[in-house]
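S.K.: curious how this folds, go ahead:
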Amino acid sequence: STLAWDTSNSSKVVSPSSVAWTHLKGVTWAKNFQAHFDTLPPDIAPKFRAQMLTTLAQIGTNATLIAGGPESNGALTKGESLELVSKFRPGDGTVVDDTARPNHHSAMLWFLSDLNSLAQNGWFGYVNPEPLIPAKKIQQLTDGMAKTTMNLFEPADVVEQGSTRDLGQMLGALGWYGTHAGSSQLESKAATYADALATAVESNLAGNGRVENGAKNQAATQGSVGQGLLWASQISGVDHENLASDILGYLFDELWDADAGTFASNPESDTYSISARDAGDITGGVNAADAVLGRSGVKEVYATYFDQTFNRGRLQRAERPQSRDGAAEHTLPLPPKAGGEYGQAAVYNQRVAYNTTADEWSVEDRRFRTGPALYLSNQDIWIGQWGGDFYQGRGVPGQSDSPE
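M.R.: I've put the predicted structure just below:
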């Protein structure tokens, strides 16, 4: 009962980020199933799962950007444009917050770019029956979202409406878009915009690689910006690898607390507060440091971080039977009635904290927030490639485009 959904506490509100990160996870898993039809057991129905997940991604796109909402022109769009509102209540068709925000646009652009990768490169749902949204239309939507986003937000707007951490997410989205743009002109525009975002990072940089004016969790800022710079550097003509190396160097050299087995929110803090989004940013930075920079010792650090923060610290609320080791030092409960009426996947709490003086972890917020949690889930999938043969790609733009 402690892990069952309490629908009375649901916000009943949808944001672009919650939609985008949810369906990005679906697209990533669809690619994994597609690439392993011949090796996965038939009883898990990999072909059906791949088709279902790509169909769900199309349904979500259709509802939010094309035909949903009270005016049947996209539940999350403003009129006929691809400018996004921030909150929509499907139950009564009400826009709760009509402000366009950079983090929602970057999340949607990241998702659409990966959906475009799937649509244009021979993955299952698009070489089979008639897709709900043709591949050509997905390219048009992706290009339109990119143009809208780049025209709406100057790099200073990204920081002003959030923090320098959000520059990292926008850079990551641009990395994915720039490697899947519909024309050379749009690719060039994405490269120019990515360079402008990187310049904004440099203007907020301390001499030792520390990014100023970021989130309350400094490690999250370093991870997000480091990954974003490396993802954006996959665009032809863009290269910010040295800057990313300095920023991720600060993450590992100054913020890794080996005694605690986690990254410090700040070097001077006695209590480290870590949200699901913070952990996603940190995980992304760690993944990029290994996948692109080839930094040594990264996997060992992350194994300790995961065991302490997700397991001992209870950022993860439960474990699935398939991945549970009963002999491990820090185990998590199994979801009650897993697979039954109240069964629930191994989802995340919203925030945990570590007290360095007492060497104790506590759960500060038990709520499940879809956007941050599914963002973390995607970062976990990409770093999960370390675990074995099943995982396709590391999340690096342009490196998981083909099922071959």
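S.K.: mean confidence (pLDDT) on stretch 203-222, please.
M.R.: For stretch 203-222, the mean per-residue pLDDT is 96.
S.K.: what count of nearby residues applies to Ser188?
M.R.: Counted with other Cβ atoms under 10 Å, the neighbours of Ser188 add up to 15. Heads up, the C-betas are built off the backbone N, CA and C, glycines and all.
S.K.: helix, strand, or coil at it?
M.R.: The local conformation at Ser188, judged by DSSP: H, G, I helix; E, B strand; the rest coil, is helix.
S.K.: test my guess that Ser15 contacts Lys87.
M.R.: Yes: with contact defined as Cβ atoms under 8 Å, Ser15 counts as touching Lys87 (5.5 Å).
S.K.: pick out whichever of the two has more residues nearby.
M.R.: Using other Cβ under 10 Å as the criterion, Ser15 and Lys87 rank with Ser15 on top: 25 against 19.
S.K.: and for stretch 363-370, what are the contacting residues?
M.R.: The contact list for stretch 363-370 (Cβ atoms under 8 Å, 6 or more residues apart in numbering) reads 9, 15, 18, 21-22, 273, 275-276, 314, 317, 347-353.
S.K.: list the buried residues for that stretch?
M.R.: For stretch 363-370, burial by neighbour count (16 or more other Cβ atoms under 10 Å) applies to Phe368, Arg369, Thr370.
S.K.: next, format these as CSV and append secondary structure and distance to Asn204.
M.R.: Putting these into CSV (DSSP: H, G, I helix; E, B strand; the rest coil; distance: Cβ to Cβ, whole Å) gives the following:
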residue, secondary structure, distance to Asn204
Phe368, coil, 32
Arg369, coil, 27
Thr370, helix, 29
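S.K.: got CSV for these, with distance to Glu83 too?
M.R.: Shown next, in CSV, are the buried residues of stretch 363-370 (distance: Cβ to Cβ, whole Å):
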residue, distance to Glu83
Phe368, 28
Arg369, 24
Thr370, 22
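S.K.: what's the closest of those residues to Leu115?
M.R.: Thr370 (18.2 Å; Cβ to Cβ).
S.K.: so which residues of the stretch 151-300 of the chain form strands?
M.R.: 256-257, 262-263, 271-275 (DSSP state E, counting those that start in this stretch).
S.K.: the longest one - contacts with which helices or strands?
M.R.: Read that as strand 271-275. strand 262-263, strand 351-355 (3 or more Cβ pairs under 8 Å, 6 or more residues apart in numbering; DSSP states H and E).
S.K.: ok, back up a step: now the buried residues of stretch 363-370 in CSV, with pLDDT and distance to Glu268?
M.R.: Output for the buried residues of stretch 363-370, formatted as CSV (pLDDT from 0 to 100; distance: Cβ to Cβ, whole Å):
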residue, pLDDT, distance to Glu268
Phe368, 90, 31
Arg369, 93, 28
Thr370, 94, 33
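S.K.: out of those, which is nearest to Ser183?
M.R.: Nearest member of the buried residues of stretch 363-370 to Ser183, counting by Cβ to Cβ, is Thr370, at 33.6 Å.
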